[in-house]
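[1] Sequence first, then the predicted structure, then my questions.
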Amino acid sequence: MHVVIAWWDTRRTAAAGTVRPHPPRPADSGPQGQVPFPAEFPGLQAGQWITDPAADLQGLALIWDSAADANLFLPALADQTFGCAPSHRWDFELCTAPTADEDPEAAPAELELLLHA
């Protein structure tokens, strides 16, 4: 599984007039922070909004089937969601995935730790 953490620096991109805040999360879209993504992004397993108000950053933590899927579809997802490419992006591989008896929507423990650190 391939993880992408992407951040948009709203101070830097707002000056260029390119960034837009992510759409508000509908009350019935699922647990806080999780976002449903359209099926038009094959290989995208899950996504979660992340924010850092102190640094004026907005971002997405995305779990993809492979790095190839992320590289192919992240530019379109970024453009659709924020209107521009991310200011910062980190990619890495995780070897663990939820097992069949676990919640299939749950993020791996390693990713949860990173998102809540």
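    Arrived safely. Source: prediction; values computed, not measured.
[2] Any figure for the gap between the nearest residue to L94 once chain neighbours are set aside and D56?
    Once flanking residues are discounted, L94 sits nearest to M1: 5.0 Å by CB to CB, 6 or more residues apart in numbering. Backbone N, C-alpha and C define where each C-beta goes, glycine included. Counting by CB to CB, to the nearest Å, the gap from M1 to D56 is 30 Å.
[3] Same question for E93.
    30 Å.
[4] Please identify the helix or strand for the residue nearest to D91 when sequence neighbours are not counted.
    Residue nearest to D91 in three dimensions, not counting chain neighbours: V4, with 5.2 Å by CB to CB, 6+ apart. Taking DSSP states H and E as the criterion, V4 maps to strand 2-9.
[5] what lines up beside that strand in the sheet?
    strand 57-64 (antiparallel), strand 88-93 (antiparallel) (DSSP bridges).
[6] follow-up on the earlier one: quick one: the residue nearest to D91 and W64 touch, right?
    Yes. Applying CB atoms under 8 Å, one finds V4 in contact with W64, separated by 6.6 Å.
[7] Now the common contact residues for these two.
    Common neighbours of V4 and W64, using CB atoms under 8 Å, 6 or more residues apart in numbering, are A70.
[8] Okay, now stretch 79-90: how far is its last residue from its first?
    Using CA to CA, to the nearest Å, the end-to-end distance of stretch 79-90 comes out at 18 Å.
[9] typo on my end, stretch 45-60
    Stretch 45-60: ends 13 Å apart by CA to CA.
[10] May I see the buried residues of the lengthiest helix in the chain?
    Looking across the chain with DSSP state H, the single longest helix is helix 67-82. Within helix 67-82, the residues scored as buried using 16 or more other CB atoms under 10 Å are 69-70, 73-74, 77-78, 81-82.
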